[in-house]
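In: just to be clear, the model below is a prediction. Sequence and coordinates:
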Amino acid sequence: MSNWCLTSHCRRRRYDRRFGGELAGNDLLMGSKFFVKKFTVHDDPRDRPKLMVDNSMLRNWIDRSLALLLAVVGLACWGCHAPQPEFHLNEIEIIEQQAAVSEEITPEQRDQIATVLYAMFGTPDAPDNPWEREGAHVSLLAEQGFNVDLLRMAAGPVGSDEQGNTTGLYRLHCSHCHGITGDGRGPTAAFLNPYPRDYRQGVFKAKSTELAAKPTHADLKRTLVEGFPGTAMPSFKLLKDIELEALVEYVKYLTVRGETEIELIFLTSDEGEVPTDPAVLVDEILKPRVEAWKIAEEKVVHPVTPQSFASEAEKLASIERGRTLFYADTGGNCASCHGNLALGDGQLNLYDMWNEPIANPELEAAFLAVGALPPRYLKPRNLRQGVYRFGRRPIDIYRRIYVGIAGAQMPAATLKTSDEGPGVSEQDIWDIVNYVQSLPYEPLSLPPELERAGLRERL
Amino acid sequence: MGKFWSLLFFLVPILGTGLFLIAANDRAAPLVNHWFPKDVSQYGYVIDNLFMLILWLTGIVFIATEVCLAYFMWRYDRTSNHDPVKYTHGSHSLEVVWTIIPAATLLFIAIYQMNAWADTKINRPLNPGEEIEVNARQFEWRLRYRGPDGRFNTADDLYTVNDLHVPENEDILIRLKSEDVLHSFFLPNLRVKQDAVPGMMIPVWFKPTEIGAYDLVCAELCGWGHYKMRGRIIIQSRSDYDAWLANLEKEQNVYTEQ
Amino acid sequence: MKSITSIFLCLSLLLLVGCEHRGGSAADVDATEARQLYLTLLSGEAGADAGSGAAQQRSGWATIRGTVRLDGDPPPPKQLTVNRDTEVCAPGGAAVYSQDVVVGSADALANLVVYARDLSNDNVHPDAQGDASEVIFDQRECIFLSHVQVMQKTQKLKILNSDPVGHNTNIAASKAGTFNQNISPGGSAIYQPVASESQPAGVSCSIHPWMRAYVLPLDNAYGAASEQDGTFEIANLPAGIEIELQFWHEVTGNVPELVINGKSEKLNRGRYKLTLQPDEQLVLDLALPAATLR
């Protein structure tokens, strides 16, 4: 602020400096020197320049500063003016499909796909009906059974409604990582390992249902409440119940939208034109995908009741049986991926279903160019850490073994068809659960008689 | 303009004093609970007293300095004061005085607070009523209880997240850890604030005295989601707390549903 | 003044740069068209006309049989990396090769899939639908014995394991339902598709990642993969209506080009239309140009 001149002298010197060039060098330094000189040399008060506020000068400065400030703010606002958030096309699917049928999806078809999706699923601000103000009062998504009040609460910019409920919940809590489109490519996604879930395939790992089924409503809610330890997904336990409900509904909406989009892209490349027939769009594409969520409840896997243990010795015996099954080819065969010490180092070069398409050597560059994240190998879980992403309850671990993990490589156990046959019985799965739960507390170096045969030699 | 600047600067001590007067009674409008959140810990008053002591010390010095500043500006305004400027080359005794007084004050504070420091950082309770592991991570608080056997790192440990329950009127010992970056475990109502450092287990203790739900927040900018790293501490009676623990244990040992 | 201005300008430029939003995928929505479509979707008439399109009249049944040859030199076989359970999967340390291109004697090309697309159920012979039998899908020496398995969606795929090591069978179907299960040595599992697929779905084993096969569940029996000797047969096809055949091979995906009865055809998306006469026994002599496999 050395340029802030209040005295006529100072002004003159500035004038001199600028036009006469008598003083040169650093502004700051010159300014301070100048002041020191004035007040130390001129001892005689009459000789001293009169201290007064030069009003016109000050006003001038204020005006200029204000103008500059306005200009900067204006520029900043212009620069930061975020475009209206919008859904992005699934470029990865487009590239994949184009490669699969060797036919290009034309720019007109892309526009058409976006238009169909807009008609069916609206915008991130108005998911169910962007034309409500224009008199279209029925909502397609409401007809299909979506709770549009909840959808509206989750969609749109962050704010609050008349009742004081927070709105725009998805953008407040989720879109940083999962992206506006639910593509798992929000701004923070690249920094996370594992990457955030891409909802558009409609596949979720954490669920109580069969492999090919959707998770139940309660499953998604539990994911929000508990988070996934071991990943970047935090807990949203303290949100209000209605907020959780809204987010669950919105995730379902993004899922159905994403699956519809994938189907549209497939049909476009497969048949050469974008389907616009309402019968196809609603009855063949939309309805089954909404239905899949509704019937998830019927697909829940219910474990058999485990044997109860009368003594600690019986529990230890169960753990021992579980240990045998864990390593046996004819049992769980868990060690083939989770490793001979259950450290998760058995199979290290596989991908999950989200990373696998990207890891296509011929197309990877094209995928990365449209914003795909570099593919990462899927790591089998290190079972000795005691971190269970999808829940640490015995029933959660049972379901992982019984069902497998959708989208990942974890298979379901082979169920015995007869008492003698290969595979495991449902009670055997409980033994494996007991063993897995004991692993974090078991020392790595076991007495030789407990080690898997040949382990020492292999290692 | 005349004495404009001196009057302007005189506003600072006036407003400052006014603020003190209003704030001193923070139960009344307009500053209800804006001064300090309600203290619900046994030891919180010591921290508050220390805070108040330092506030009084610095407050008095601040106001005195501002009054002096305003006075000098008034007295020696160039429009009314035509006395020639006098220069001195310092006063030894004055310098000694203004060095010794702050030094003595600082020393006094250092000694006066020693017990508070020791009680909150060194003398950890020998028989805490409850011991809880708090594992901070981006962006949540993962909590672990000892379970029925009363020991950590056994198969019956109980896990929960963001929802810290503690019994009332018992010494609570927190084992504070961080999984990723620096966080800070802040219980405003219990006057507890402690950084969590990755790779360290830092003990934190307090004794809650009043049943209720209070904030648990992160007080160290830990990443883009720092603001959402908000939990809750629920102070319960021993019996409620035991019931809650039992329920947590039940929830964690679900084998079948229906 | 100058310096302040330049600092401010630099700052605002920085802001501009910092705030620049990465453009998303560019697709222009036609809002008017979207609104019209939205109203059509809402009108409740959706599906009213579905299926009532004047279907051509079928006049009988016919059969297609044929052989597939590879026209030209086959590409060099790809050796697979067998790094696990080698005593079972690569007995005697022998090299294991990919089965993506299997050429038999006289250039016979196996595993080329031929199937009829989009036939309404009225035009499907009663014998060609609703089969509920089991199809055996075995694996031995870490090789799926049926490299491309064509089946009806009503059939059950019985997955076996004739190896002394454990496998898992991971079927990445998009519509027929995903499946991923351990198959213990000597064990078995049943895969029941819930719908048909429009393209063969990949089958893999996570334990032995080099293992690869395909399963194609269809609505009817109008599909076949060429055998080791290159032959295939599809019986009881509807005659008198236009049929669209789809040709697929693992390496090419939809076959882009095929010599059909001596005539070279460029196939759009691997498809070929023909109309059969009642009781016709059409013989298709197919040759896949080797260049398409590179």
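Out: Perfect, thanks for sending it.

In: list the contacts for the closest residue to B:Arg124 other than its chain neighbours?
Out: In space, and not counting its chain neighbours, B:Arg124 is closest to B:Pro203: 5.3 Å by C-beta to C-beta, 6 or more residues apart in numbering or on different chains. Any C-beta I mention is one placed from the backbone N, CA and C, and that applies to glycine too. Counting by C-beta atoms under 8 Å, 6 or more residues apart in numbering or on different chains, B:Pro203 touches B:Arg124, B:Leu173, B:Ile174, B:Arg175, B:Leu176.

In: gap between the first one and chain A?
Out: When distances are taken as C-beta to the nearest C-beta, to the nearest Å, B:Arg124 and chain A turn out to be 26 Å apart.

In: for that residue, helix, strand, or coil?
Out: Here B:Arg124 is recorded as coil under DSSP: H, G, I helix; E, B strand; the rest coil.

In: what's the most centrally placed residue in chain A sitting at in phi/psi?
Out: When C-alpha atoms, centre = their mean is applied to chain A, the residue found nearest the centroid is A:His178 (2.9 Å). Here is the backbone geometry of A:His178 (degrees, to the nearest 10): phi -90, psi -10.

In: ditto for B:Lys86
Out: phi -110, psi 140.

In: pLDDT value on it, please?
Out: pLDDT recorded at B:Lys86 is 85.

In: gap between it and chain A?
Out: According to C-beta to the nearest C-beta, B:Lys86 and chain A sit 11 Å apart.

In: burial count for that residue?
Out: Using other C-beta atoms under 10 Å in any protein chain shown, B:Lys86 has 5 neighbouring residues.

In: next: the one 10 residues further on.
Out: With neighbours defined by other C-beta under 10 Å, the count for B:Val96 comes to 10.

In: repeat that for A:Ala71.
Out: A:Ala71: 14 neighbours (other C-beta under 10 Å).

In: could you check how far it is from A:Asn60?
Out: Here A:Ala71 is placed at a distance of 16 Å from A:Asn60 (C-beta to C-beta, to the nearest Å).

In: what parts of chain A come near chain B?
Out: Residues of chain A lying close to chain B (C-beta under 8 Å from any C-beta of the partner chain) are A:43, A:45, A:51, A:53, A:173, A:176, A:188, A:208, A:226-227, A:229, A:232, A:234-235, A:237-238, A:300, A:302-306, A:392-395, A:398, A:430, A:437-438, A:440-441.

In: switch to 6 Å and redo it
Out: Within chain A, the positions adjacent to chain B are A:Leu51, A:Pro234, A:Ser235, A:Lys237, A:Leu238, A:Pro303, A:Thr305, A:Pro306, A:Arg393, A:Pro394, A:Ile395, A:Tyr441 by C-beta under 6 Å from any C-beta of the partner chain.

In: the last one and A:Gly386, how far apart?
Out: So the one you mean is A:Tyr441. 8 Å.

In: got it, and the fifth one?
Out: Summarising the geometry, the distance separating A:Leu238 from A:Gly386, computed by C-beta to C-beta, is 25 Å.

In: so for stretch B:44-58, mean pLDDT?
Out: Across stretch B:44-58, the average pLDDT comes to 91.

In: show me what counts as buried in it.
Out: Buried residues in stretch B:44-58, defined by neighbour count with 16 or more other C-beta atoms under 10 Å in any protein chain shown: B:Gly44, B:Val46, B:Ile47, B:Leu50.

In: can you lay out those as JSON lines showing secondary structure and distance to chain C?
Out: Rendered in JSON lines, the data for the buried residues of stretch B:44-58 read as follows (DSSP: H, G, I helix; E, B strand; the rest coil; distance: C-beta to the nearest C-beta, whole Å):
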{"residue": "B:Gly44", "secondary structure": "helix", "distance to chain C": "43"}
{"residue": "B:Val46", "secondary structure": "helix", "distance to chain C": "46"}
{"residue": "B:Ile47", "secondary structure": "helix", "distance to chain C": "41"}
{"residue": "B:Leu50", "secondary structure": "helix", "distance to chain C": "42"}
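
In: in the chain, where is pLDDT below threshold?
Out: No chain was given, so I picked chain A. A:1-59, A:77-82, A:135-136, A:445-459 (pLDDT under 70).

In: hmm, no, I was thinking of chain C.
Out: Counting by pLDDT under 70, the ranges of chain C that qualify are C:1-26, C:43-56.

In: got the end-to-end distance for stretch B:37-44?
Out: 11 Å (C-alpha to C-alpha, to the nearest Å).

In: list the contacts of stretch B:38-47.
Out: B:Ala116, B:Asn189, B:Leu190, B:Arg191, B:Phe206, B:Lys207, B:Pro208, B:Thr209, B:Glu210 (C-beta atoms under 6 Å, 6 or more residues apart in numbering or on different chains).

In: among those residues, which are in strands?
Out: Of the contacts of stretch B:38-47, the ones assigned to strands by DSSP state E are B:Phe206.

In: just the helices in the stretch 1-150 of chain C please.
Out: Secondary structure of the stretch 1-150 of chain C (DSSP state H, counting those that start in this stretch): helices at C:2-19, C:31-42, C:86-89.

In: on that earlier part again, make TSV from the contacts of stretch B:38-47 and add neighbour count, pLDDT and distance to chain A to it.
Out: TSV is the format used below for those (neighbours: other C-beta atoms under 10 Å in any protein chain shown; pLDDT from 0 to 100; distance: C-beta to the nearest C-beta, whole Å):
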residue	neighbour count	pLDDT	distance to chain A
B:Ala116	14	94	32
B:Asn189	22	94	16
B:Leu190	28	94	18
B:Arg191	22	94	22
B:Phe206	23	96	21
B:Lys207	19	96	24
B:Pro208	26	96	19
B:Thr209	15	95	23
B:Glu210	14	95	20
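
In: from the contacts of stretch B:38-47, which is closest to B:Glu133?
Out: B:Phe206 (15.4 Å; C-beta to C-beta).

In: which residues touch the closest one?
Out: B:Ser41, B:Ile172, B:Leu190, B:Val192.

In: I'd like the distance between it and B:Ser41.
Out: Distance, B:Phe206 to B:Ser41, using C-beta to C-beta: 5 Å.

In: need the contact list for C:Ser59.
Out: With C-beta under 6 Å, 6+ apart, C:Ser59 has these contacts: C:Ala239, C:Gly240, C:Pro278.

In: what's the answer for C:Lys156, then?
Out: C:Lys156 neighbours (C-beta under 6 Å, 6+ apart): C:Glu134, C:Ile190, C:Gln192.

In: disregarding flanking residues, what is the spatial nearest neighbour of the second one?
Out: In space, and not counting its chain neighbours, C:Ile190 is closest to C:Lys156: 5.1 Å by C-beta to C-beta, 6+ apart.

In: repeat for A:Glu261
Out: A:Asn90 (5.3 Å).

In: picking up where we left off before, closest one of the contacts of B:Pro203 to chain C?
Out: Within the contacts of B:Pro203, the smallest distance to chain C is 35.8 Å, found for B:Leu176 (C-beta to the nearest C-beta).
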